[in-house]
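Participant: My questions are about this predicted structure, shown below with the sequence.
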Amino acid sequence: MSVMTVAVMASSHPAHAANKSKLSTYQSGKPVVGLPCEQLPTRTAVLMGGGADVKQAFSWMIEKINQCGASKLGNFVVIRVRGNPAYDSFINKQGALASVQTLVIPTRETADDPELDSYIQNAAAIWITGGDQGDYYATWKGTRLERLVHEQVKQHGIPIGGTSAGMMILSEFNYLASPNSITSADALADPYKTDAMTLAKDFWTDSDPINEPSPFPLLNATVTDSHFDTRDRMGRLTAFLGRVIADGWAAPGDARAVGVDQETALLLEYNDSKTQLPVMPVILSNPGVNGSAYILGAGKTSVLNIAPSQFTFTNIQVTKLSAGRTFNYLLHVNDGVMTSENNGGSLY
């Protein structure tokens, strides 16, 4: 869960009084109707690994809101299942915005409230907070909110991002940690552990799910994990990847897994044009933090043998992205034991 230490400024006030079962809204600034750019030239997303938030990532999202050079400012919308509007004043300090609005959406009934329409349809950027991705799945899947977010990002290309659980719900495939979370050791020993290896592929809905099931296409055929090195999650991420392939959710050549360290943000950007490659990802970390992001995929010579209490997965290709450096190496899992090649024996 993202750690916020910024006090709520007086300018952030509740538009509706907080209620544990109804939509609660807060705002800092003066919301506007419409977007600075009806269609942005590039699409952008931020995957933040949890812990203290990376300020520069929000500044980057705000810069992307105005890619078309419009003079009009936009609304930055934060959505969460529970919590407070601490993000409002914090984000408002990171760049020029008309407003920051927080929507607390604690129930499926609230997630189907028509009042959400104006907030999401006038959102120039959307941020999903940390928390519990299992709650997000249970509360928001298949609701008006989920459809509104998907349509707003797809139709207008607005920036979207999330931290910790909010990051993990952005990919096409989602680890729900429900009812229990799983460690790397347990995932390597049993990648089908029934009470903890809970993966889902149906959070995001779309009229053309084969081509664009995720609101951000670079995260199609992808599963993600946060708090990566701090909580030693490389083992379980390889198990997620193995499951995605073995269960037939994505072809071996398409399936990807992405892990992001705490206090670190992975910035993704691409152009809709099929003739242009995505912009090289950028890594930002807080001062004094040497954070990285890891992109995993099966290689052409990979061997995958996965079943309850059985896991072998060889030649897993890893791209480690750090500030100013990209490094490639291989991982192997043999009978539940993970080893590293070309990286001095380190898994990270």
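Facilitator: Done, it's in.
Participant: any low-confidence regions in the stretch 201-348 of the chain?
Facilitator: 207-212, 273-275, 277 (pLDDT under 70).
Participant: how about the helices of it, start to end?
Facilitator: Applying DSSP state H, counting those that start in this stretch to the stretch 201-348 of the chain gives helices spanning 234-246.
Participant: show me where the stretch 51-200 of the chain has helices.
Facilitator: For the stretch 51-200 of the chain, the helices defined by DSSP H, counting those that start in this stretch occupy 55-65, 86-92, 108-111, 116-121, 133-140, 144-156, 165-168, 184-189.
Participant: pLDDT on stretch 150-167, on average?
Facilitator: Mean per-residue pLDDT for stretch 150-167: 96.
Participant: burial count for K193?
Facilitator: Other residues near K193 number 16, with proximity taken as other CB atoms under 10 Å. (Glycine included, C-beta is placed from N, CA and C.)
Participant: ok, now the one 3 residues further on?
Facilitator: By the measure other CB under 10 Å, the count of residues near A196 is 18.
Participant: from what I can see it touches A177, true?
Facilitator: Yes: the criterion here is CB atoms under 8 Å, and A196 meets it with A177 at 7.3 Å.
Participant: so which of the helices of the stretch 51-200 of the chain comes closest to F203?
Facilitator: helix 133-140 (5.7 Å; CB to CB).
Participant: Show me what the closest one is packed against.
Facilitator: In terms of contacts (3 or more CB pairs under 8 Å, 6 or more residues apart in numbering; DSSP states H and E), helix 133-140 is packed against helix 108-111, helix 165-168, strand 174-175.
Participant: at 7 Å what do you get?
Facilitator: With contacts defined as 3 or more CB pairs under 7 Å, 6 or more residues apart in numbering; DSSP states H and E, helix 133-140 has these neighbours: helix 108-111, helix 165-168.
Participant: Any buried residues in it, and which?
Facilitator: Q133, G134, D135, Y136, Y137, T139, W140 (16 or more other CB atoms under 10 Å).
Participant: any idea which of these is closest to P213?
Facilitator: Y137 (14.7 Å).
Participant: From S181, how far out is that closest one?
Facilitator: Distance, Y137 to S181, using CB to CB, to the nearest Å: 14 Å.
Participant: Check L219 too.
Facilitator: Spatial separation of L219 from S181 under the definition CB to CB is 22 Å.
Participant: Compare these two and say which one has the larger neighbour count.
Facilitator: Taking neighbours as other CB under 10 Å, L219 and S181 compare with L219 leading, 23 against 15.
Participant: For the more buried one, which non-adjacent residue is closest in space?
Facilitator: Take L219 and drop its neighbours on the chain: the residue closest to it by CB to CB, 6 or more residues apart in numbering is S171, 4.5 Å away.
Participant: May I have the residues that are in contact with the one you found?
Facilitator: S214, L219, T222, V223, T224 (CB atoms under 7 Å, 6 or more residues apart in numbering).
Participant: if you set the cut-off to 8 Å instead, what comes out?
Facilitator: For S171, the contacting residues are S214, L219, T222, V223, T224, V258, by CB atoms under 8 Å, 6 or more residues apart in numbering.
Participant: Number of residues surrounding the closest residue to A196 other than its chain neighbours?
Facilitator: Using CB to CB, 6+ apart and skipping residues adjacent in sequence, the residue nearest A196 is I182, 3.8 Å away. Neighbours of I182 under the rule other CB under 10 Å: 23.
Participant: related to what we said a few turns ago, can the contacts of S171 go into a markdown table with extra columns for distance to W60?
Facilitator: Below are the contacts of S171 laid out as a markdown table (distance: CB to CB, whole Å):
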| residue | distance to W60 |
| --- | --- |
| S214 | 20 |
| L219 | 17 |
| T222 | 21 |
| V223 | 24 |
| T224 | 19 |
| V258 | 18 |
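Participant: and those, which are buried?
Facilitator: Those of the contacts of S171 that meet the buried threshold are S214, L219, T222, V223, T224, V258, by 16+ other CB under 10 Å.
Participant: ok, the fourth one touching L176?
Facilitator: Think V223. No: the criterion here is CB under 8 Å, and V223 misses it with L176 at 11.1 Å.
Participant: Having no further points to raise, I will conclude here.
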